[in-house]
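Undergrad: no sequence on this one, just coordinates:
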C-alpha cells in the first residue's frame, strides 16, 4: 500500500498521457476545438498561421505533459530523501525517454495518429528541462536555508 501511495501520481499522469495518445486527441479532433478559438482570437490570420499555431499548441502539449511527468518521476525516485541528486535526475530522464517511446509506439497503432521519433526527443527534452528546474529549485532552497542559518 505504501508503494501505491508514493507512486499513484506518476501512474495517474501516465494514464493522462496515454489518454492524450488516443484518437480523441488526434490532430483532426483537436483542430475542431483549437482552430475556432484561434480564428476568434486572430480573425484576419491566414490559414498557414492558424495551421502552424495549431501545430505549436499540440507540441506545447507534449512539452507540458512530459515536463510534469518528469517531475513526478523525480518525486517518486527521491521518496523521503532530502535534496536533489544527479543520478535521480538521470533516472527520471531515462524513464521519460522509455515512456515517451512506448507512447509513440502506442500511437503507431491508433487510427488517425502518427508515430514520430522527433516527438520522443521533444518529450525527453521537456523531461530534461524539468530536471534542470528541479535542480535550480533545490539549489535556491538550499542557499536560502544556509543564509537563514547564518543570520
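TA: Looks like it came in fine. Just so it is clear, the structure is predicted and the values come from calculations on it, not from any experiment.
Undergrad: Quick one: mean pLDDT over the longest helix out of those in the chain.
TA: Looking across the chain with DSSP state H, the single longest helix is helix 117-150. Averaging pLDDT along helix 117-150 yields 90.
Undergrad: Now do residue 136 against residue 110, distance only.
TA: As judged by C-beta to C-beta, to the nearest Å, residue 136 and residue 110 stand 36 Å apart. C-beta here means a position set from N, CA and C on the backbone, and glycine is covered the same way.
Undergrad: Between those two, which is the more surrounded one?
TA: residue 110 (15 against 11; other C-beta atoms under 10 Å).
Undergrad: Contacts only, for residue 132.
TA: With contacts defined as C-beta atoms under 8 Å, 6 or more residues apart in numbering, residue 132 has no neighbours.
Undergrad: For burial, what's the neighbour tally of residue 39?
TA: Using other C-beta under 10 Å: residue 39 sits among 13 other residues.
Undergrad: Quick check: it touching residue 51?
TA: No. Using C-beta atoms under 8 Å, residue 39 makes no contact with residue 51, being 11.6 Å away.
Undergrad: right, and residue 27 touches residue 57 too?
TA: No. Proximity of residue 27 to residue 57 does not meet the contact threshold set by C-beta under 8 Å, at 10.6 Å.
Undergrad: helix or strand for residue 95, which one?
TA: Using DSSP states H and E, the element containing residue 95 is helix 86-108.
Undergrad: Would you mind listing the buried residues in that helix?
TA: Neighbour counts using 16 or more other C-beta atoms under 10 Å place 88-89, 91-93, 95-97, 99-101, 103-104, 107 of helix 86-108 among the buried residues.
Undergrad: Show me where the protein dips below the pLDDT cut-off.
TA: Within the chain, the segments meeting pLDDT under 70 span 24, 28-29, 149-151.
Undergrad: now the residue minimising distance to the centre of it: how far from residue 116?
TA: Central residue of the chain (C-alpha atoms, centre = their mean): residue 66, 1.5 Å from the mean position. Plainly put, residue 66 is 14 Å away from residue 116 if you go by C-beta to C-beta.
Undergrad: Name all residues that make contact with residue 57.
TA: Residue 57 neighbours (C-beta under 8 Å, 6+ apart): 30, 34.
Undergrad: gap between it and residue 88?
TA: 31 Å.
Undergrad: One more: residue 118?
TA: Between residue 118 and residue 88 the computed distance is 27 Å (C-beta to C-beta).
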